[in-house]
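Asker: Return atomic coordinates for the entry below.
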Amino acid sequence: MTVIRHPFITEKATIQMGTENKLQFLVDVNATKEQIKKEIERLYDVTVISVRTMMTTKGRKKAIVTLSPEDSAEEIASRLGIF
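Answerer: Sure thing, here's the model as predicted:
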């Protein structure tokens, strides 16, 4: 099962990236917070502090991932081609 579908980029997500060191992703609806955390840490070689999840209005699941202060959400976004 692929846990992470793709990054979720909105104006709010971009602001959170710079001010709160958070990234947003659309994830598999059956994925647990622990699975999301492990997948993000494995894919991007970062330390995840917390994962918040929510269901969107279109029946998709979104995860807001907070990275440790030693890791940069903006750097990860740059690697993903978002910035």
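Asker: May I see the buried residues of the host helix or strand of Ala77?
Answerer: Using DSSP states H and E, the element containing Ala77 is helix 73-79. By 16 or more other CB atoms under 10 Å, the buried positions in helix 73-79 come out as 73, 76-77. C-beta coordinates here come from the backbone N, C-alpha and C atoms, glycine included.
Asker: measure Leu43 to Glu11 for me?
Answerer: According to CB to CB, to the nearest Å, Leu43 and Glu11 sit 24 Å apart.
Asker: And those two? Which one has more around it.
Answerer: Under the criterion of other CB atoms under 10 Å, the comparison of Leu43 against Glu11 puts Leu43 first, with 13 against 7.
Asker: Just want to check the distance between that one and Met55.
Answerer: On the measure of CB to CB, Leu43 and Met55 end up 23 Å apart.
Asker: can you confirm Ile15 is in a helix?
Answerer: Yes: assessed by DSSP: H, G, I helix; E, B strand; the rest coil, Ile15 belongs to a helix.
Asker: shouldn't Lys62 be in contact with Val27?
Answerer: Yes: Lys62 sits in contact with Val27 when judged by CB atoms under 8 Å, with a separation of 7.2 Å.
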